[in-house]
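# Give the three-dimensional model of this entry:
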Amino acid sequence: MKQQNHYAYDIPAEYADIIDPSKVNLSDFALFLAVMKRKKAHECVLSIILGEPDLKLNQVHVEEVVLNAKGERGIRLDAWAVSEDSRHFATEMQNDSDIDDVRKRSRFYQGLLDSPILKSGRKTKYRHLPSTIVTFITQKDIFGKDRAMYTFTERCHEFPEMELEDGTKKIFLNMTSKNGRDELVSFLQYCKNSTLDNPEITILDERLKTLDAIVAEVKQNEEWEVARMSILSTGIDIGRKVGHEEGLEEGRKEGRKEGRLEGIHAIINVLKEHNLTDSEIIQQLCKSFRLDTGTAEKMFHDFSHHD
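So this is what the prediction gives:
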């Protein structure tokens with residue numbers, strides 16, 4: 001059965017795979033964030049990553065980059081949570097680790113988790129700062145050691161066995177490696193190919209089953225699709241109009257191309273207005289338009305110089 005289009009405009013075939021639920025995996029940032037809004041899903045993900053079957057969360061927060069059809073508004077991306085034992089977590093699905101140094105990005109996230117407490121206006125007792133865990137899920141092995149998980153805490157150079165115990169931890173997950181806990185590797189393989197029939201999944205525990213059920217449920221609503229389609233809508237609409245006016249196949253192709261460029265230009269301007277860094281904007285272009293890093297960088301710089 002052909003999938004029904006719930007949008008106000010027709011979707012060109014070249015964009016169909018972007019919103020077809022059957023072709024989108026948990027590694028897609030729009031779906032990941034829509035799923036992580038669900039408390040149970042957030043618990044399952046962190047529970048598997050940390051190896052804590054009984055992990056419970058009190059709070060779950062997710063913000064998305066959502067632009068309206070004119071590309072006029074945007075908010076920052078992030079997924080974070082607070083556990084019952086008051087630990088704070090920040091988790092990001094990092095699709096393009098080449099664009100920015102995610103190791104230094106983790107430093108920024110660590111400070112971001114502390115800032116609400118430090119800016120609360122109260123006299124801070126630093127011993128009361130919560131423990132924080134920052135996790136990046138990457139599709140590349142940024143450390144080159146063929147491990148599914150890299151965990152970092154502060155240690156003394158002179159006495160490596162002595163930890164600083166400042167309550168901070170940074171975790172980098174690598175989807176390309178099979179070297180790690182079976183349930184973690186299975187989760188990472190699920191992120192790449194989000195079906196329980198995935199032959200790379202070796203341990204199918206209840207948390208992964210629960211997560212899969214939530215993923216399927218989220219795919220049935222339009223929330224995550226709207227997030228992605230709102231980013232693309234400007235380019236698609238303009239492309240349709242130009243192509244329709246031309247009335248020729250060549251005109252339609254050229255119109256879609258021109259509209260796509262207009263959409264990219266609009267997004268760059270909006271994200272600049274919201275003070276995203278150059279690297280963050282390029283990352284969003286890669287995610288939203290499925291561009292390779294080199295193309296996204298060139299388009300960003302071309303449009304920036306044009307402005």
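# per-residue confidence averaged over stretch 208-216?
Confidence for stretch 208-216, expressed as mean pLDDT, is 95.
# do stretch 62-77 as well
For stretch 62-77, the per-residue pLDDT averages 46.
# and Thr151, how many neighbours?
Around Thr151 sit 14 other residues, with neighbours defined as other Cβ atoms under 10 Å. For the C-beta atoms, the positions are set from N, CA and C on the backbone; glycine is no exception.
# what does the one 10 residues further on give?
Residues near Glu161, counting by other Cβ under 10 Å, number 6.
# Do I have it right that Ile133 meets Phe172?
No: using Cβ atoms under 8 Å as the test, Ile133 is too far from Phe172 to be in contact (11.8 Å).
# Domains in this protein, by residue range?
According to automatic domain parsing, the chain comprises the domains 23-220, 223-306.
# Those domains: lowest mean pLDDT?
domain 223-306 (a mean of 63).
# Double-check that Ile137 belongs to a strand.
Yes: applying DSSP: H, G, I helix; E, B strand; the rest coil, one finds Ile137 inside a strand.
# can I assume it is in contact with Thr91?
Yes: using Cβ under 8 Å, Ile137 makes contact with Thr91 at a distance of 7.2 Å.
# ranges for the helices of the stretch 51-200 of the chain?
For the stretch 51-200 of the chain, applying DSSP state H, counting those that start in this stretch gives helices covering 102-118, 182-192.
# Strands of this structure, residue ranges please.
Here the chain has its strands, by DSSP state E, at 57-63, 78-83, 88-94, 132-138, 149-152, 168-174.
# Next up, phi/psi of Glu154, please.
phi -80, psi 130 (degrees, to the nearest 10).
# Do I have it right that Ala79 meets Ala90?
Yes: counting by Cβ under 8 Å, Ala90 is a contact partner of Ala79 at 7.2 Å.
# tally of neighbours for Asp292?
11.
# And it, how far from Phe152?
29 Å (Cβ to Cβ, to the nearest Å).
# just Leu26 next, same as before
24 Å.
# Which of these two has more residues huddled nearby?
Shown here are Leu26 and Phe152; by other Cβ under 10 Å, Leu26 has more neighbours (24 against 13).
# got the contact list for that one?
Applying Cβ atoms under 8 Å, 6 or more residues apart in numbering to Leu26 gives the contacts Phe32, Val35, Met93, Tyr190, Cys191, Ser194, Val215.
# Looking at those, state which has the most neighbours.
Phe32 leads the contacts of Leu26 on contacts (other Cβ under 10 Å) with 27 neighbours.
# Which residues are in contact with that one?
Leu26, Ala79, Met93.
# can we see that at 6 Å?
Phe32 makes contacts with Leu26, Met93, as judged by Cβ atoms under 6 Å, 6 or more residues apart in numbering.
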